[in-house]
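Asker: Generate coordinates for the sequence data below:
(chains A and B)
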Amino acid sequence: MKTNKFHSVILLGALLFLVLTLFSKTSLHIKVAEATAPNPYWWVDNSTPPNFSQYDTYQFKNGRWHNPGTGLQFYSGSGTDSAIISTNASYDGVAAIGPTGTIGDTIETFFTSDTSASDELEWQCVELVKRFLFMEYGTRSQPANGYQVVDTYANTFPTMYKKVTNDSTNTTNQIYPKPGDILSYIQQPIPSTSPVQYDNGHTALVKSVTNQSGGSATVQLIEQNASSTGITNQTFSNWQFQNGIDDSASDGHTVSGWLTTTAAHLTWTNQNSMNNAHASQESVLLPDGKVLVVGGTNATSVSIKDTQLFTDGTPGTWATKANMNADRKFFIMQNVTVSGGGNKVLAAGGVADSPCSCVRNTAELYNESANTWTSTATNMNAARWNQASSILSDGRVLVTGGDSSGSQNSTLSSTEIYDPVADTWTTKHSMAGAREGHMQVTFTDSSGNSKVMVIGGWRSGGTGALKTTEIYDPSTDTWSAGQNLAYTHSWTSGRSTTDAIVLYDGRILIMGGDSTGGMNTEVYNPATNTWSTYVLPSPAFAWGSAAVRLGAGAGYKVLLAGNVANSGTYGKQALIFNPENNTWATTTSMNSYHGVFTLVKLSNDNVIAAGGQSNTANASTATEKFTP
Amino acid sequence: MTNKNQTRRITQRLRHVFPLVLVVVSMLVLAGRVTKVFQQNTPPPTSTSSQKPVPHVTYTSNNLGVRFTYPIQVGGVLKYFTREIGNRIYLYDNYDKVSFNQPFSGTDADFLKSIAPGAFSVEVFTKDPQQSLADAIKQQFLSKYPGTDCFVHTTSNGQLRLDESQQTAVIDFPHHSTLTHEQLSASVAKCPNYVTAYGASYFMMDPKHPGKLLFVTIGQYNIPSGDGGGTWDRTIAVLQ
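Answerer: The predicted structure is shown next:
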């Protein structure tokens, strides 16, 4: 009996311990998250343990550690002298660090960042402002010395940033700086040496602006490798900065200007409407920066052959172009490079509403310069709609699955490749299972080989959306089973009609496709061959949304916009996925309702949204532009 | 009967063992989570050789007898170009609004005035092969400057070039971390142009080719070589 009581106590204790253990996960994560310094993960030094750099000390003081390859190793923090310069020398969680500059310590460490960014030096002034621009906006580090920062970022990402020249004689420059703006200082007068030997100037971050009155203000800056406190007040009067570095009137530098975000940053701006309505249309960005929108359905939900071309501007405009030879909805469209090197646009398959529910086996090519649609030399080997496609690494187009029946009861497993140089369609090995309404992306596997993944979808006669994936190897014309999707929900076990994006780091992000209005998105990592689930903020996305990968200025984040919710309501909402920390954040909603619509990133990194279903389910002509 | 007894014995054993199993499982779960959290926050490997190669080209100057590798593009947008003028090779980007991301098409004089000040560069000098790197710098650049104002600091630990096959040095000056910007600038003004106060530059000599002295200008940031081997300047090689 005593033994039984003892066992009961032990059992109860064990259960309590297990429960506490399970709950402790959250608190552990929160603690670490709070302590983690606001640094990009790739802001990495090149010192080799046990030698510790200033960066290592900074990391240590912010609760980080590193693994030299032999197991966990905490930073000792010894032998170095770096820290946050002062408790006030920070803005929006980004701190000025230092100091640098004792003899023999001129530059201790090169930071080796990710391969798409410049490398930063410890703890130069530019390191702070580039770290801030990355953390605040996701902008990749751009090559620039202190005197070049403002011009470089403004000219490289003109839709996100602009330069305010420090010259109040031009009234357009008579504006106050704001917190988060960046200053550049340049050596003055320009040296008379030949070649000119500028010093590298200086750059600083505006922490606060107060007492604005009559063109004067109190401007507080944070900076590295200049003032010993990391903070300085810079005289701003008569609508311009008056002095040089650290507000010295005689240090030989002047503020050339300051970098600020454009008024359009994170906004949707209405453009001229389309000439006629499209929904469920296909769209591509042409090499000349224009957007081609083709087919789909009109305002009465009937399939169309219309073609329109969007030209960016203020506002952007639409031009009606030659119709396709056949009306198509739920077809595929891709840019292709044809024989001779020219660009054409391939439109293939789809279904028509009139005079029958005809499933197309035809394909045609659009020549922008001639404004003509021309049939490909041969038709596809199978009539199909609701299929998927992607461009292979050699420029050919792989088309998979779909349905051969207008009544949607003959889902296909067959695949074929269009060779734009030879102008031929060739049947390839079929997938293991039939699928339609699925996603397809070309990606690079862990061995560096280009492969294709088909994801989810559904099949006629099935019980709902699929959670399976298959991987195609173009070099061997073979299919193999991929990892199943991670997320399951009550309706079925998979996803259909989703959005899929290859992230800048090679992972694959899929969104939506969950008819229960799911809030989960998933990321496939080819390096680990696993899916991970990330939760969307509300509202839920079901289908009809569209996604694009933003540019280097916006940190290659993913914009997800529009929606047809499970309840049949339509959405204006927009969200942004940050691949650096795998988080979703709500951004400014669109001005109009869009579902199953055009969402294309322009060559200047703005994003155009056009047409699709409005909140009345009718095809729309509304067009708007997002500035990331 | 035997089976029933066996079953009872197994059940009793399980009752004894179950709490222990729970404790062990809990500890394993906790340990697993802690490890996972640690791993999630672990910085990537610190070796520069882990960089992924990106499209790059190698510039070779037969005239100056040096070569280096640089990336075609950095930061997702800006492209890099080279220009050789006299004894100096410039590695530059062009962020100018008018000719954005295009090779500079102007004259050498215009280039030296507008592009060169912000460019990376390698300047090639000759030296007495018998002379040490420090002595060559003193003779060629510091003969008119008091040793208390400007002096050679050799970076024998290879902090600027991690591969110790190369000798490196900088012209340094008296300074410490509490100097104001003005004080620092005043000190710099007492030295030749081959001092970089706010940024990085260094002299370099390849012991296999001791007849050459190189001055490498970097600035306040650097760019990768593109070949996965660290920064561009680490690929600088003396050919003859």
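
Asker: Do you know the pLDDT at A:Lys467?
Answerer: As predicted, A:Lys467 sits at a pLDDT of 87.

Asker: looking at it, it is touching A:Arg495, isn't it?
Answerer: Yes. Between A:Lys467 and A:Arg495 there is a contact under Cβ atoms under 8 Å: 7.2 Å. Placement of C-beta: from N, CA and C, glycine included.

Asker: the more surrounded of these two?
Answerer: Remark: of A:Lys467 and A:Arg495, A:Arg495 carries more neighbours, 34 against 19, as counted by other Cβ atoms under 10 Å in any protein chain shown.

Asker: which ones are touching the closest residue to chain B within chain A?
Answerer: Minimum separation of chain A from chain B (Cβ to the nearest Cβ) falls at A:Ala552, amounting to 2.7 Å. A:Ala552 makes contacts with A:Ser116, A:Thr139, A:Arg140, A:Phe157, A:Asp605, B:Gly75, B:Gly76, B:Val77, as judged by Cβ atoms under 8 Å, 6 or more residues apart in numbering or on different chains.

Asker: The second one contacts A:Val149, doesn't it?
Answerer: Which is A:Thr139. No. Applying Cβ under 8 Å, one finds A:Thr139 not in contact with A:Val149, separated by 11.3 Å.

Asker: Neighbour count: the two, which is higher?
Answerer: Counting neighbours by other Cβ under 10 Å for A:Thr139 and for A:Val149 shows that A:Val149 has the greater number, 30 against 25.

Asker: part of a helix, is the more buried one?
Answerer: Yes. Counting by DSSP: H, G, I helix; E, B strand; the rest coil, A:Val149 is found in a helix.

Asker: From A:Gln124, how far off is the nearest residue to it once chain neighbours are set aside?
Answerer: In space, and not counting its chain neighbours, A:Val149 is closest to A:Thr203: 4.5 Å by Cβ to Cβ, 6 or more residues apart in numbering or on different chains. With distances taken as Cβ to Cβ, to the nearest Å, A:Thr203 is found 9 Å from A:Gln124.

Asker: sorry, back to before: now the residue of chain A closest to chain B: closest residue in space, sequence neighbours ignored.
Answerer: Leaving aside its sequence neighbours, A:Ala552 sits nearest to B:Gly76 (Cβ to Cβ, 6+ apart; 2.7 Å).

Asker: if I look at the one you found, how far off is A:Thr261?
Answerer: 18 Å.

Asker: According to the record, where do the domains of the chain fall?
Answerer: In the absence of a named chain, chain A is used. According to automatic domain parsing, chain A comprises the domains A:54-261, A:267-627.

Asker: not quite, I wanted chain B
Answerer: Domain ranges of chain B: B:1-42, B:51-238, per automatic domain parsing.

Asker: which other residues reach stretch B:93-110?
Answerer: For stretch B:93-110, the surrounding residues in contact (Cβ under 8 Å, 6+ apart) are A:143-144, A:148, A:151-152, A:155-156, B:74, B:77-81, B:83, B:85, B:92, B:111, B:114-115.

Asker: and with 10 Å instead?
Answerer: Contact with stretch B:93-110 is made by A:118, A:142-144, A:148, A:151-156, A:158, A:163, A:194-195, B:73-75, B:77-86, B:90, B:92, B:111-116, B:118-120, B:223, as judged by Cβ atoms under 10 Å, 6 or more residues apart in numbering or on different chains.

Asker: Give the bridge partners for the residue lying closest to A:Lys428 once chain neighbours are set aside, please.
Answerer: Among residues not flanking A:Lys428 along the chain, A:Thr415 sits closest, at 4.7 Å (Cβ to Cβ, 6+ apart). As for beta bridges, A:Thr415 partners with A:Thr400, A:Lys428 under DSSP bridges.

Asker: Give the full set of residues in contact with the one residue in chain B that gets nearest to chain A.
Answerer: Chain A sits closest to B:Gly76 of chain B, with a gap of 2.7 Å, by Cβ to the nearest Cβ. For B:Gly76, the contact set (Cβ under 10 Å, 6+ apart) comprises A:116-117, A:139-142, A:156-157, A:504, A:551-553, A:555-556, A:605.

Asker: and those, which of them are in helices?
Answerer: Secondary structure from DSSP state H places A:Thr156 of the contacts of B:Gly76 in helices.

Asker: Give me the buried entries from the contacts of B:Gly76.
Answerer: In the contacts of B:Gly76, burial by neighbour count holds for A:116-117, A:139-142, A:156-157, A:504, A:551-553, A:555-556, A:605, counting by 16 or more other Cβ atoms under 10 Å in any protein chain shown.

Asker: From those, which shows the smallest pLDDT?
Answerer: A:Ser116 (60).

Asker: where do the contact lists of A:Thr139 and A:Val149 overlap?
Answerer: Residues within reach of A:Thr139 and of A:Val149 at once, by Cβ under 10 Å, 6+ apart, are A:Lys130, A:Leu133.

Asker: Now stretch A:374-385: buried residues?
Answerer: In terms of neighbour count (16+ other Cβ under 10 Å), stretch A:374-385 has its buried residues at A:Thr376, A:Met380, A:Ala382, A:Ala383, A:Arg384, A:Trp385.

Asker: Oops, could you answer that again for stretch A:359-375 instead?
Answerer: Buried, per 16+ other Cβ under 10 Å, within stretch A:359-375: A:Val359, A:Arg360, A:Asn361, A:Thr362, A:Ala363, A:Glu364, A:Leu365, A:Tyr366, A:Glu368, A:Trp373.

Asker: what's the distance between A:Pro355 and B:Gln139?
Answerer: According to Cβ to Cβ, A:Pro355 stands 92 Å off from B:Gln139.

Asker: who has more neighbours, those two?
Answerer: A side-by-side neighbour count of A:Pro355 and B:Gln139, using other Cβ under 10 Å, places B:Gln139 first with 12 against 6.

Asker: do the helix or strand where that one lies and chain A meet?
Answerer: Assessed by DSSP states H and E, B:Gln139 sits inside helix B:133-141. No. Helix B:133-141 does not reach chain A (Cβ under 10 Å from any Cβ of the partner chain); its nearest approach is 13.7 Å.

Asker: quick one, what contacts the spatially closest residue to A:Thr307 that is not a sequence neighbour?
Answerer: Nearest non-adjacent residue to A:Thr307, counting by Cβ to Cβ, 6+ apart: A:Lys321, 4.2 Å away. Residues near A:Lys321 by Cβ under 10 Å, 6+ apart: A:275, A:292-294, A:306-309, A:366, A:368, A:371-373.

Asker: Can you name the two of these that sit furthest apart?
Answerer: Across those, no pair lies farther apart than A:Asn275 and A:Thr372, at 18.9 Å, counting by Cβ to Cβ.

Asker: show me where chain B has strands.
Answerer: B:56-61, B:66-71, B:73-74, B:78-79, B:81-85, B:88-92, B:120-126, B:151-154, B:167-172, B:200-205, B:212-219, B:221-222, B:237-238 (DSSP state E).

Asker: winner for burial among these?
Answerer: Mean neighbour count, computed with mean count of other Cβ atoms under 10 Å in any protein chain shown, is highest for strand B:221-222 among the strands of chain B, reaching a mean of 28.

Asker: Other residues contacting it?
Answerer: Contacts with strand B:221-222, where a contact means Cβ under 10 Å, 6+ apart, come from A:107, A:110-113, A:117-121, A:124, A:126-127, A:130, A:141-146, A:148-149, A:200, B:74, B:120, B:199-200, B:230-234.
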